[in-house]
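Undergrad: Please find the sequence and the predicted model below.
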Amino acid sequence: MRDRQRFPLQIALAVTVLVACATTAVGQAREEAAIRAGENEYMAAFNAHDASRLAALHAADALVMISNSPVASGSSAITSSFTDFFKAASPSLTFSPTRIDIASPTVATDVGTYTLTFDTPQGKVTDRGNYVTVGTRSKASGGLPSTLR
């Protein structure tokens, strides 16, 4: 008799767990789609050589590390760093995420591969490599990744 009384409770618990897992998967898919949209915006701004638009995609305390340049922190330094890079190298960038992890409701990481082509005094150079990005959700935007750190 006890087993019959527990059965509805067990079913209700199983359904609750399944609904929670499904909701989490939908939320993660939505966050991943937002990250991919942000990456497309970043790539478009980069390839348009729009330093101001790129800087706006970064948090106020973000660090940008362009090869053979000083680390840039803060909007004006990031804008200046990209502006100098665009003038000197006329770069183009493609990248593709291979893994996006939603670490928490406010933090996500994106790992992938990139191809960067740019001019040097010796001719055009193509650099291929890996990247990692940490995106954070700001209170102002409410979405991931609203900013890059």
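TA: Perfect, I can see it now.
Undergrad: Where does pLDDT dip in the chain?
TA: Residue ranges of the chain with pLDDT under 70: 1-26, 137-149.
Undergrad: which residues of the chain fall in strands?
TA: Using DSSP state E, the strands of the chain run over 63-64, 72-73, 92-102, 107-120, 123-136, 147-148.
Undergrad: so can I have TSV of those strands showing distance to Met43?
TA: C-betas here are computed from N, CA, C, even on glycine. Shown next, in TSV, are the strands of the chain (distance: least, Cβ to Cβ, whole Å):
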stretch	distance to Met43
strand 63-64	15
strand 72-73	19
strand 92-102	6
strand 107-120	10
strand 123-136	12
strand 147-148	13
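Undergrad: Dump the ones you listed to TSV, plus distance to Ala29 and mean neighbour count.
TA: Below are the strands of the chain laid out as TSV (distance: least, Cβ to Cβ, whole Å; neighbours: other Cβ atoms under 10 Å):
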stretch	distance to Ala29	mean neighbour count
strand 63-64	29	17
strand 72-73	33	20
strand 92-102	10	15
strand 107-120	13	15
strand 123-136	16	13
strand 147-148	21	20
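Undergrad: wait, which of these is closest to Ala33?
TA: Closest to Ala33 of these, according to Cβ to Cβ: strand 92-102, at 9.7 Å.
Undergrad: CA-only coordinates of that closest one, as PDB, when you get a sec.
TA: Output in PDB follows, covering the C-alpha atoms of strand 92-102 (Å, rounded to 0.1, in the frame of the first residue of the first chain):
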ATOM      1  CA  SER A  92      40.900  40.800 -41.600                       C
ATOM      2  CA  LEU A  93      39.600  38.300 -39.100                       C
ATOM      3  CA  THR A  94      37.500  35.200 -39.100                       C
ATOM      4  CA  PHE A  95      36.900  33.000 -36.100                       C
ATOM      5  CA  SER A  96      34.800  30.000 -35.200                       C
ATOM      6  CA  PRO A  97      33.800  28.900 -31.700                       C
ATOM      7  CA  THR A  98      34.500  25.300 -30.900                       C
ATOM      8  CA  ARG A  99      33.100  25.400 -27.400                       C
ATOM      9  CA  ILE A 100      30.800  27.800 -25.500                       C
ATOM     10  CA  ASP A 101      30.300  27.200 -21.800                       C
ATOM     11  CA  ILE A 102      27.700  29.000 -19.700                       C
END
